[in-house]
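# pasting a predicted model and its sequence here:
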There are 2 protein chains.
Amino acid sequence: MTLDLLFVNISKHFLLTEVEKNYFHSKLHFRKLKKKEIYIQENQVCESAAFVLSGCLRSYTIDDNGFEHILQFAPPDWWITDMFSFISQKPGTIYIDAIEVSEIILLSRADQLDIFEKIPAFERYFRILTENSLVSYRKRVMDGLSLTAVERYHDFCKRYPTLIECLPQKQIASYIGVTPEFLSKIRSKVKIV
Amino acid sequence: MTLDLLFVNISKHFLLTEVEKNYFHSKLHFRKLKKKEIYIQENQVCESAAFVLSGCLRSYTIDDNGFEHILQFAPPDWWITDMFSFISQKPGTIYIDAIEVSEIILLSRADQLDIFEKIPAFERYFRILTENSLVSYRKRVMDGLSLTAVERYHDFCKRYPTLIECLPQKQIASYIGVTPEFLSKIRSKVKIV
DNA sequence: CGCGACGTTGATTTGCCTCAACGATTGTGG
DNA sequence: CCACAATCGTTGAGGCAAATCAACGTCGCG
C-alpha cells in the first residue's frame, strides 16, 4: 500500500516540495477492489478520478442490447475516470470495474480543483495527461474509421503487449469492436500463416 | 478582422486584465485561408493551434487507399489543431484545410507555453477546452462501437444542425464513417417515412 | 459551353455478425 | 477435494449491413 508509484509518476513532470507533497497526500483516498468489483456505474456521478497502484481496471458502456463496449484498460501507473461525469459532476454513462484484485488512489474533483488553486503545477500535470489522453482517443477514432478488424487487432497487440497476456479474449474483442467469435477466427487465421 | 470572438470565448472562463489581454494579443497571428487551402499537411510539424473567426475548417487523414477520414469540423468559435503534433512538435499525420473562405487566429505551441507561465489562468482555459474535447472524442469512440450507420447519421444531424446545411454530403459520410453512396441510401429511406 | 465534382440508384460482393453446438477451463458450493 | 455450473474459446452455417463497382443526371464553375 505504497503511494510511491503515483509520486514517481508526478515527478516525471515536476518536482513537489515536501509541503506540497503532504498537502496533496492529505487529499488522497486509498481503496482496494476485488475482482469484478464495480467502482463506478451508469447514472451515477463520478466523484473521483482513480490512479491504479496494482491490478487492472477497465471502463465500458452497456448498450441497449446489453453488450459491453470497452473504452479503456488501466494497468498500474494509469489514471482512469468517467471524464464526462468527473468534469461536469453530472450522472455519467459508463461503468468502471476491476479486472483483477486492484489497489487504487482516489482524488475527488473538488479536491483536484482545490489543488489546482494551491499548487498550479498540478494543473499543468493534469493538463498534460489530458492532452495525451485526447491524442490516444483521437487515434482510436481514426483507427475505427480507416482500419479493418484484423489491423485493429494487430495494432492492439503492438501497443499493449503486456495486456494481451492477461486479458480474456472477449475483452480485447470488445475493445477493438468485434464479436468474440470473430476475433477467434482472426487469431486462428494468423497462426496458420 | 476582429478578434472579439476569441476574447468573448475566453471571457466565458475567466476575466483578463488589460495588460494580460495585450500580452496575449501580441502572441497571436492572423491568417486568411481560401476555399480548399491547406493549412497543415501530413508529415509536417503543426506549430500552431488555430481559432476560427469565420468560415469553417476540417481536419482529416488520408489512408493507404487514398480515402479521406474526417476527424473534426471547426466552425467559428472553435479551436482546431493536430493535437499530437502540436504537443509533441513532431511531424503529424493529419491534414487541416478550409472548407470555405476562412479567417483564423494562430497561437504557436511555444507562445502558448510561454503564456501558461505568465498567465496561469490560460493554462486553466486550455485545460478545460482539452477536457471537453476529450469527452467528445470519447463519445465518438463509443458511437463507433455501439451505433449503426443510421444512428450515427441521426446523431450527427442532432449535434451539428448548422453544419448539415452547408457541408457537402460526402464529408458528412466521411465523418460518420460510411461511403457517400451508402449515406445517400440512408437519406432516401428516411425521406419516404 | 464543357468539364469535373457531386448525388443517386442498382447489382454484386464482402466483412463481420448471429445463432448454435461443442470441448476446455475456471470457479464454487457442498 | 470433488462435482457441477458457469464462463470462455472454437468452429461452422447462414444472414445482414455496408462496401464496391458502374452507370447516369445534375449542378457549379472556369
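Everything's here; your move. Numbers count the residues shown, from 1 in each chain, chains lettered A, B, ... in the order given.
# low-confidence ranges, chain A, go.
Along chain A, segments meeting pLDDT under 70 span A:1, A:190-193.
# what comes into contact with the helix or strand hosting A:F86?
For A:F86, the host element (DSSP states H and E) is helix A:83-88. Helix A:83-88 has contacts (CB atoms under 8 Å, 6 or more residues apart in numbering or on different chains) with A:40, A:44-49, A:90-94, A:109, A:133, B:128, B:131-132, B:134-135, B:138-139. Just so you know, the C-beta spots here come from the backbone N, C-alpha and C atoms, and that holds for glycine as well.
# listing partners with orientation, what would you give for whatever helix or strand comes next after it?
Next along the chain after helix A:83-88, taking DSSP H and E as the criterion, comes strand A:95-98. Strand pairing for strand A:95-98, using DSSP bridges, gives strand A:38-40 (antiparallel), strand A:57-62 (antiparallel).
# buried set for the longest one?
Neighbour-count burial for strand A:57-62 flags A:L57, A:R58, A:S59, A:Y60, A:T61 (criterion: 16 or more other CB atoms under 10 Å in any protein chain shown).
# now swap in the shortest one and tell me
Neighbour-count burial for strand A:38-40, with 16+ other CB under 10 Å as criterion, is recorded at A:Y39, A:I40.
# whatever helix or strand comes next after it versus strand A:57-62: what angle between them?
Downstream of strand A:38-40, the next assigned helix or strand under DSSP H and E is strand A:48-54. Relative orientation of strand A:48-54 and strand A:57-62, computed by axes from the mean of the first three to the mean of the last three CA atoms, to 10 degrees: 130 degrees.
# strand A:48-54 vs chain B: in contact?
No - figure legend: strand A:48-54 not in contact with chain B (CB under 8 Å from any CB of the partner chain); closest approach 11.4 Å.
# adding distance to A:L113, write the strands paired with strand A:95-98 out as TSV.
Shown next, in TSV, are the strands paired with strand A:95-98 (distance: least, CB to CB, whole Å):
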stretch	distance to A:L113
strand A:38-40	19
strand A:57-62	22
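# any chance of the ones you listed in TSV, plus distance to DNA strand C?
As requested, the strands paired with strand A:95-98 are exported to TSV (distance: least, CB to the nearest atom of the strand, whole Å):
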stretch	distance to DNA strand C
strand A:38-40	15
strand A:57-62	14
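# let me know which of those is the nearest to A:T17.
With CB to CB as the criterion, A:T17 lies closest to strand A:57-62 of these, at 30.6 Å.
# ok now that closest one, how far from the chain's centre?
Centroid separation for strand A:57-62 versus its chain: 9 Å, with CA atoms, centre = their mean, to the nearest Å.
# how about the helix or strand following that strand: buried residues?
Next helix or strand after strand A:57-62 toward the C-terminus (DSSP H and E): strand A:68-74. Residues of strand A:68-74 classed as buried: A:E68, A:H69, A:I70, A:L71, A:Q72, A:F73, A:A74 (neighbour count, 16+ other CB under 10 Å).
# mind listing what strand A:68-74 pairs with, with the direction of each?
strand A:57-62 (antiparallel).
# which parts of stretch A:75-87 are buried?
A:P75, A:P76, A:W78, A:W79, A:I80, A:T81, A:D82, A:M83, A:F84, A:S85, A:F86, A:I87.
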